[in-house]
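Return atomic coordinates for the entry below.
(one chain, ligands or ions: 3)
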Amino acid sequence: MAHAIILMNLGTPAEPTPKAVRQFLKAFLSDSRVVEIPRPLWAMILNLFVLPFRPAKIAPAYEEIWNQGLDGENVSGSPIVFYTQRQVALLQQRLSAVSDQFTVTYAMTYGGPSLADTVTRLSGEGVRQFTVLPLYPQYSATTTGAIYDQVAEIVRNSRNVPDISVVHEYWQHPLYIEALANSVREHWAAQGAAEKLMMSFHGIPKANIRKGDPYYDQCCGTAERLAEVLELPREKWEITFQSRFGKAEWLQPYTDKTLIEWGKNGVASVDVICPAFSADCLETLEEIAVENRANFIDAGGSEYRYIPALNAREDHLRALEAVVRDRLPGVFPEPVR
Ligand SMILES: C=CC1=C(C)c2cc3[nH]c(cc4nc(cc5[nH]c(cc1n2)c(C)c5CCC(=O)O)C(CCC(=O)O)=C4C)c(C)c3C=C
Ligand SMILES: [Fe+2]
Ligand SMILES: [Fe+2]
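Ligands and ions are numbered 1, 2, ... in the order given. Next up is the predicted model:
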């Protein structure tokens, strides 16, 4: 029976222009999974204070990363789409070696291609089973939860509902941890190890954790396992949270404040890895590799190195294949090796 694997990531503007950024932010920030402020109040804030200003402020940052990869890689368009498409092609290759019954494709939660359109198209092509793999190793209601909502909406609007399942999380998968560890080791082998390894995760409001979001625990679990595999003593690494948005308190310690503190307090060199990002994007290529480099250097630090996301690394694709196989024991009797 034809089976589709749909990789999902957040999405990105269609172009690095204020108009396209506005369209993207409107869809993204209108989702009540992303911002939990009561609707009428948030609609007013979004329309009066965010959408008139943020697109023009953030479009130049998108312009900076558009068509840009790390290490002179030949990226076209938005990096998050470029790397997701490469992940699709490589996972397709791996699964085609097992069976001709698999189609691998991708969808984006915001900005398209949408999950609903993708499922409709594939159903028309004869696909009868779907596995959605959110490319968020750590579950958060703001990301993976929003994907479940889109699946629920597809189901609600169907008479013959599709046979569809969603991978909840894979933060603890040994092959994911191994891929992260390999990427750090390769970076150390090429450039030497810095004094500190910062593991910077995308933040979310602290209140979400109090209400039951397991994201913080899963980030800490990831960081601890990675440090353990790397045999890093506790004083050599730190977990931090980036990309704060709005006035509320978000998960701490904050990435930017920590780097400034370290720079001021005599930490000379730092390696930064962002384990929650499966693909490089605005939040890594600009916020981490550019803005936060400046924060650290301006505060007195001297060496700052960003370790790229797992992107299309072979060991990353191996981990993603394993996550899919674990999900479909009847389809793949053998675990991945
Ligand atoms: C408003 C609150 C936000 C929450 C909560 C949030 C959670 C969250 N986001 C990611 C991954 C990505 N976020 C990206 C961009 C981005 N995120 C927010 C806001 C929240 N994110 C905004 C407003 C933006 C757009 C840029 C900006 O205006 O600052 C991206 C990059 C997309 C790209 O085009 O490259 C990713 C990826 C995670 C993993 C997460 C919670 C765990
Ligand atoms: Fe975000
Ligand atoms: Fe950001």
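
Could you use CA atoms for every contact and neighbour count after this?
Noted.

for the stretch 201-337 of the chain, what spans make up the helices?
206-210, 215-230, 255-264, 292-298, 314-327 (DSSP state H, counting those that start in this stretch).

Turn those into TSV, including distance to ligand 1, mean pLDDT and mean neighbour count.
Listed next are the helices of the stretch 201-337 of the chain as TSV, based on distance: least, C-alpha to the nearest ligand atom, whole Å; pLDDT from 0 to 100; neighbours: other C-alpha atoms under 10 Å:
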stretch	distance to ligand 1	mean pLDDT	mean neighbour count
helix 206-210	9	98	15
helix 215-230	7	98	19
helix 255-264	14	98	20
helix 292-298	14	98	20
helix 314-327	17	97	19
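
Quick one: neighbours of the residue of the chain found nearest ligand 3, just the number.
Nearest residue of the chain to ligand 3: residue 243, at 4.3 Å (C-alpha to the ion). Counted by other C-alpha atoms under 10 Å, the residues lying close to residue 243 total 18.

Then residue 169?
When neighbours are counted by other C-alpha under 10 Å, residue 169 comes out with 19.

repeat for the one 5 residues further on
Using other C-alpha under 10 Å, the number of residues around residue 174 comes to 15.

separation between it and residue 315?
11 Å (C-alpha to C-alpha, to the nearest Å).

Relative to residue 255, how far out is the residue of the chain closest to ligand 3?
8 Å.

can I see the domain layout of the protein?
3-170+314-327, 174-307 (automatic domain parsing).

Which residue does the stretch 101-250 of the chain have closest to ligand 1?
residue 204 (4.6 Å; C-alpha to the nearest ligand atom).

List the residues that contact that residue.
142, 244, 250, 251 (C-alpha atoms under 8 Å, 6 or more residues apart in numbering).

same check, this time on residue 275
Contacts of residue 275 (C-alpha under 8 Å, 6+ apart): 180, 199, 200, 201, 222, 309.

what's the pLDDT at the first one?
Spelled out, it's residue 180. The confidence metric pLDDT takes the value 98 at residue 180.

before we move on, the earlier item: let's have the contacts of residue 275 in TSV, adding distance to residue 48.
Shown next, in TSV, are the contacts of residue 275 (distance: C-alpha to C-alpha, whole Å):
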residue	distance to residue 48
180	41
199	35
200	31
201	29
222	38
309	35
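
can you list the residues of this protein near ligand 3?
For the chain, the residues in contact with ligand 3 (C-alpha under 5 Å from the ion) are 243, 283.

Ligand 1 contacts on the chain?
Contact residues, the chain versus ligand 1 (C-alpha under 6 Å from any ligand atom): 10-12, 34-35, 58, 80, 140, 142-143, 202, 204, 245, 276, 281-283.

out of these, which are buried?
Among these, those buried by neighbour count (16 or more other C-alpha atoms under 10 Å) are 10-12, 34-35, 58, 80, 140, 142-143, 202, 204, 276, 281-283.

Dump the helices of the stretch 201-337 of the chain to JSON lines, plus distance to residue 24.
Listed next are the helices of the stretch 201-337 of the chain as JSON lines, based on distance: least, C-alpha to C-alpha, whole Å:
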{"stretch": "helix 206-210", "distance to residue 24": "23"}
{"stretch": "helix 215-230", "distance to residue 24": "24"}
{"stretch": "helix 255-264", "distance to residue 24": "25"}
{"stretch": "helix 292-298", "distance to residue 24": "24"}
{"stretch": "helix 314-327", "distance to residue 24": "27"}
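
So for residue 159, which of these sits nearest?
The closest of the helices of the stretch 201-337 of the chain to residue 159 is helix 314-327. By C-alpha to C-alpha, the value is 25.4 Å.

What is that closest one packed up against?
When contacts are defined as 3 or more C-alpha pairs under 8 Å, 6 or more residues apart in numbering; DSSP states H and E, helix 314-327 sits against helix 79-96, helix 174-191.

Could you measure from the residue nearest the centre of the chain over to residue 135?
Central residue of the chain (C-alpha atoms, centre = their mean): residue 277, 3.2 Å from the mean position. Separation of residue 277 from residue 135 (C-alpha to C-alpha): 8 Å.

Export stretch 218-225 to PDB, keeping only CA atoms.
Below are the C-alpha coordinates for stretch 218-225, written out as PDB (Å, rounded to 0.1, in the frame of the first residue of the first chain):
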ATOM      1  CA  GLN A 218      12.900  17.700  26.700                       C
ATOM      2  CA  CYS A 219      15.500  20.400  26.000                       C
ATOM      3  CA  CYS A 220      17.200  19.700  29.300                       C
ATOM      4  CA  GLY A 221      17.100  15.900  28.500                       C
ATOM      5  CA  THR A 222      18.700  16.500  25.000                       C
ATOM      6  CA  ALA A 223      21.400  18.800  26.500                       C
ATOM      7  CA  GLU A 224      22.300  16.300  29.300                       C
ATOM      8  CA  ARG A 225      22.500  13.300  26.900                       C
END
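
if we look at that stretch, which residues are touching it?
Contacts for stretch 218-225 (C-alpha under 8 Å, 6+ apart): 138, 139, 171, 172, 177, 199, 201, 239, 275, 276.
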